[in-house]
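Participant: Sequence below, structure please.
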Amino acid sequence: MDVKTDRQSEQEQAAAARAADRTGERQAKIALLRKPGGIAEADEPSRVATRIDRLGRYYPDVRPVSPAAIAAGDPAAMTAAGAILERIVLTNDLLGVGYLEGGVAAAAAIGRVNIRNTQGRLVGYGTGSLVSPELLLTNHHVLPDAATAGFSVIEFDYQDGIDGLPRPVRAFALDPDRFFAADRALDFALVAVKATADELRPFGFNRLIGSEGKAIVGDFVTIVQHPGGGKKQVALRENRVVDVLENFLHYETDTEPGSSGSPVFNDQWEIVALHHASVPAAGRAEYGGFLNEGIRVSKLLKFLRAQAFTPAQQALLDRLATRPERALPAGNGGNGGGASPVLTLSMPFDIRLRAEPATGRIDPDYANREGYDPAFLPGHTVPLPGLSDALVPLAAINRQAAGEPRYVLPYHHFSVVMHKERRLAMLTAVNIDGRTSRSLRREADHWSLDPRIAVTEQIGEEIYRANPLDRGHLVRRLDPAWGATEAIAQLGNDDTFHFTNCSPQHKDFNQNKTTWAGLEDYVLNNADNHDLKVSVVTGPVLATDDDQYRGVQLPRQFWKVVAMVKKDGTLSATAYLLSQAELIEGLEAATEFNYGAYRTYQVPVHRIAELTGLSFGDLPVADPLAGLESTSAAQEIRTAADLVL
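Facilitator: This is a model prediction of the structure:
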């Protein structure tokens, strides 16, 4: 802003206090960044590992590095982490041209906020960015209340073109009556823009992503801004994150008054923070004695998820999870029907940024997953299995949970509950809709850690290297791949490639085509099934005497419980058990694996409850084997004819 307000001064004072309080820690981190490979030591091991995992979404050759090994200072892990981060983050400023293309698209959604008082008089400037098709994000000290927002204006394209001439400015009023949310402590304001979707579509928007791993100490950031209320400028990549606080990032960059409300981007053009203050910092002579502070995006989204909104406002807020779709500005023509959307800039020559459809990549915004639906089966409710009193404290907590129980990790069409000590799933639960299922082509596998739980509570890539162990899907890849469109089905397909949804399995166990792999298909398509729907709960048997391998106890048995509604409207629940005990026996010491038989059994649901400590509600009553006197009785399944449904 060109006129400093009491609100802005208050934010700067608070930022200066935080900067002073962190002087020692910050200087120690900067010293580490000067060491070869020191970037792997300059931040918390879990954050470093999560950052590397996230970079793997953009660089296919990047593989996860164990956070436990980083924390322990394991030389191989530190070397691997340092090499990845130095190659990608601390690059010598030679970046792919895609960096510039991404910047052009990101900058289009950023505009100058004209702050006006109740008399309509201009009192200052700020910067704001569209973060959904209708919502604009800026600072609280720029738009402190709905009344101020109602008199203020956002201007897009207040900048010079490539020919040096001013581009035509598009100005829009704001619409706080439709949506306005703000918080003084986090210094943000989110407000609707008074414009049609067609009017705003040419500018696109910069999606907010709640997942962690977007920036660590040593990362470079870029800020697109309107300094001093002037034309749009870019503080390019020579800007470094030097500290990560609970709610804030500290970074060095060139910003001026008027830059308040600017989005702070990483090299992948993900917004990592909302810039709000530039303050003097002791010991910062190497870049002018000033430090910049931004509010972490993940904390803004967490705050918004905790608020109550009207249904209409919530619908607008839900669109924060929408993927940006860049359209042609008015006057540049259409894009030919079914072609991918493009953004064409008004320049002496065309630069076209094509938005290719994403394939095989996990949706980075975890706020839009609904998870397993207990009411999925017509006329019946099948809740998630309950955890025993002994299991509840062992369940990993979802740090982004909006409700209870907080240990549930929702994905697209399925959910997972993790055992934080075994670092494997206690259970997975998926809804399968045979009517809208889609046979999607399998892309090259890329497994990801889940940022909602600690990286020390999930097994990553380290256990699968140089051995015959496979990453065995618990929820099968195509089980959640259903929906009204292929894009919806793809989201479910991709979500199965989380390490939370896999368990180490001997390759011959995982790849052999057994009756185990076809159980869901048979029950779905060939049984007396009403509405072609099935709910399946699956998991490993986490026995206390499971053998150790590379610090991980490998399950010897796996189970599943399948629920469906029969044509007469009654519920049927069947349970199955499979063992790979002979395949993994002696894995730690042996130079060759011992191969042996493994079998699929149908067992009473009560048997699974005994083995796991889980409770299955009314499902045991719906079990055709419920009448057996012994819960340990088992029926070996060799062919589909052996199934009792």
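Participant: how many other residues sit next to G103?
Facilitator: One way to gauge burial is a neighbour count; for G103, by other CB atoms under 10 Å, it gives 17. Placement of C-beta: from N, CA and C, glycine included.
Participant: State the helix or strand in which it lies.
Facilitator: According to DSSP states H and E, G103 maps onto helix 98-108.
Participant: contact partners of the following helix or strand past that helix?
Facilitator: Of the helices and strands lying after helix 98-108 in sequence (DSSP H and E), the nearest is strand 110-116. Around strand 110-116, the neighbours that count as contacts under CB atoms under 8 Å, 6 or more residues apart in numbering are 1, 122-130, 136, 138, 142-143, 148, 151-158, 171, 203, 206, 224-226, 229, 232, 258, 261-263.
Participant: All the strands of the stretch 451-600 of the chain, residue numbers only.
Facilitator: Under the criterion DSSP state E, counting those that start in this stretch, the stretch 451-600 of the chain carries strands at the ranges 469-473, 502-506, 533-540, 548-549, 552-553, 557-565, 571-579, 600-603.
Participant: just those: most buried one?
Facilitator: The highest average neighbour count among the strands of the stretch 451-600 of the chain, using mean count of other CB atoms under 10 Å, belongs to strand 533-540 at a mean of 25.
Participant: average pLDDT for it?
Facilitator: Summarised as a single mean, pLDDT over strand 533-540 is 94.
Participant: Report the inter-axis angle for it versus strand 571-579.
Facilitator: Strand 533-540 and strand 571-579 meet at an angle of 30 degrees, taking axes from the mean of the first three to the mean of the last three CA atoms, to 10 degrees as the criterion.
Participant: Off-centre distance for strand 533-540?
Facilitator: For strand 533-540, the distance from its own C-alpha centre to the chain's C-alpha centre is 24 Å (CA atoms, centre = their mean, to the nearest Å).
Participant: just stretch 161-173 next, same as before
Facilitator: Centre-to-centre, stretch 161-173 and its host chain are 35 Å apart (CA atoms, centre = their mean).
Participant: in it, what counts as buried?
Facilitator: By 16 or more other CB atoms under 10 Å, the buried positions in stretch 161-173 come out as 167, 170, 172.
Participant: Alpha carbons of the longest helix anywhere in the chain, as PDB, please.
Facilitator: Longest helix of the chain, by residue count under DSSP state H: helix 6-21. Taking C-alpha atoms only, helix 6-21 is exported to PDB below (Å, rounded to 0.1, in the frame of the first residue of the first chain):
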ATOM      1  CA  ASP A   6      -2.200   1.100  11.600                       C
ATOM      2  CA  ARG A   7      -3.100  -2.400  10.700                       C
ATOM      3  CA  GLN A   8      -0.100  -2.800   8.400                       C
ATOM      4  CA  SER A   9       2.200  -1.300  11.100                       C
ATOM      5  CA  GLU A  10       0.800  -3.800  13.600                       C
ATOM      6  CA  GLN A  11       1.600  -6.700  11.200                       C
ATOM      7  CA  GLU A  12       5.100  -5.400  10.600                       C
ATOM      8  CA  GLN A  13       5.800  -5.200  14.300                       C
ATOM      9  CA  ALA A  14       4.600  -8.700  14.900                       C
ATOM     10  CA  ALA A  15       6.700 -10.000  12.000                       C
ATOM     11  CA  ALA A  16       9.700  -8.100  13.300                       C
ATOM     12  CA  ALA A  17       9.300  -9.700  16.700                       C
ATOM     13  CA  ARG A  18       9.200 -13.200  15.100                       C
ATOM     14  CA  ALA A  19      12.200 -12.400  13.000                       C
ATOM     15  CA  ALA A  20      14.200 -11.200  16.000                       C
ATOM     16  CA  ASP A  21      13.200 -14.300  18.100                       C
END
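Participant: so what does that helix touch, helix or strand wise?
Facilitator: Helices and strands touching helix 6-21, as assessed by 3 or more CB pairs under 8 Å, 6 or more residues apart in numbering; DSSP states H and E, comprise strand 248-252, strand 271-280, strand 290-296.
Participant: any chance of the ones you listed in a markdown table, plus distance to Q400, mean neighbour count and mean pLDDT?
Facilitator: What follows is the helices and strands packed on helix 6-21, written out as a markdown table (distance: least, CB to CB, whole Å; neighbours: other CB atoms under 10 Å; pLDDT from 0 to 100):
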| stretch | distance to Q400 | mean neighbour count | mean pLDDT |
| --- | --- | --- | --- |
| strand 248-252 | 19 | 25 | 90 |
| strand 271-280 | 17 | 25 | 88 |
| strand 290-296 | 13 | 25 | 89 |
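Participant: Give me the number of neighbouring residues for K232.
Facilitator: Using other CB under 10 Å as the criterion, K232 is surrounded by 22 other residues.
Participant: Run a quick check on it versus Q225, I expect a contact.
Facilitator: Yes - with contact taken as CB atoms under 8 Å, K232 and Q225 are classed as touching, separated by 7.3 Å.
Participant: Could you pull up the residues touching Q553?
Facilitator: Each residue near Q553 by CB under 8 Å, 6+ apart is listed here: 422, 542, 546-547.
Participant: hmm, 7 Å instead?
Facilitator: When the contact criterion is CB atoms under 7 Å, 6 or more residues apart in numbering, the partners of Q553 are 422, 546-547.
Participant: cool, P480 as well?
Facilitator: Listed by CB under 7 Å, 6+ apart, the contact partners of P480 are 412-414, 430, 492-493, 495-496.
Participant: Relative to I453, how far out is it?
Facilitator: Distance of P480 to I453, computed by CB to CB, to the nearest Å: 20 Å.
Participant: ok so, going back, kindly reformat the strands of the stretch 451-600 of the chain as TSV containing distance to G613.
Facilitator: As requested, the strands of the stretch 451-600 of the chain are arranged in TSV below (distance: least, CB to CB, whole Å):
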stretch	distance to G613
strand 469-473	22
strand 502-506	17
strand 533-540	11
strand 548-549	21
strand 552-553	16
strand 557-565	12
strand 571-579	15
strand 600-603	16
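Participant: and the residue lying closest to S66 once chain neighbours are set aside, how many neighbours?
Facilitator: Using CB to CB, 6 or more residues apart in numbering and skipping the chain neighbours, the partner closest in space to S66 is E462 (4.3 Å). Applying other CB under 10 Å, we find 20 residues neighbouring E462.
Participant: Please verify my assumption that E462 contacts R63.
Facilitator: No - E462 lies out of contact with R63 (CB atoms under 7 Å); the separation is 9.2 Å.
Participant: any chance of the contacts of P480 in JSON lines, plus pLDDT?
Facilitator: As requested, those are arranged in JSON lines below (pLDDT from 0 to 100):
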{"residue": "H412", "pLDDT": "94"}
{"residue": "H413", "pLDDT": "95"}
{"residue": "F414", "pLDDT": "97"}
{"residue": "V430", "pLDDT": "97"}
{"residue": "G492", "pLDDT": "92"}
{"residue": "N493", "pLDDT": "91"}
{"residue": "D495", "pLDDT": "94"}
{"residue": "T496", "pLDDT": "94"}
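Participant: can you put the residues you listed in JSON lines and add neighbour count and distance to R22?
Facilitator: Below are those laid out as JSON lines (neighbours: other CB atoms under 10 Å; distance: CB to CB, whole Å):
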{"residue": "H412", "neighbour count": "24", "distance to R22": "39"}
{"residue": "H413", "neighbour count": "29", "distance to R22": "43"}
{"residue": "F414", "neighbour count": "30", "distance to R22": "41"}
{"residue": "V430", "neighbour count": "28", "distance to R22": "44"}
{"residue": "G492", "neighbour count": "27", "distance to R22": "42"}
{"residue": "N493", "neighbour count": "25", "distance to R22": "43"}
{"residue": "D495", "neighbour count": "26", "distance to R22": "37"}
{"residue": "T496", "neighbour count": "26", "distance to R22": "40"}
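Participant: and the residues you listed, which of them are in helices?
Facilitator: Cross-referencing the contacts of P480 with the helices (criterion: DSSP H) gives 492-493, 495 as the overlap.
Participant: Of those residues, which is the nearest to R51?
Facilitator: The shortest gap between R51 and any of the ones in helices among the contacts of P480 belongs to D495, at 20.8 Å (CB to CB).
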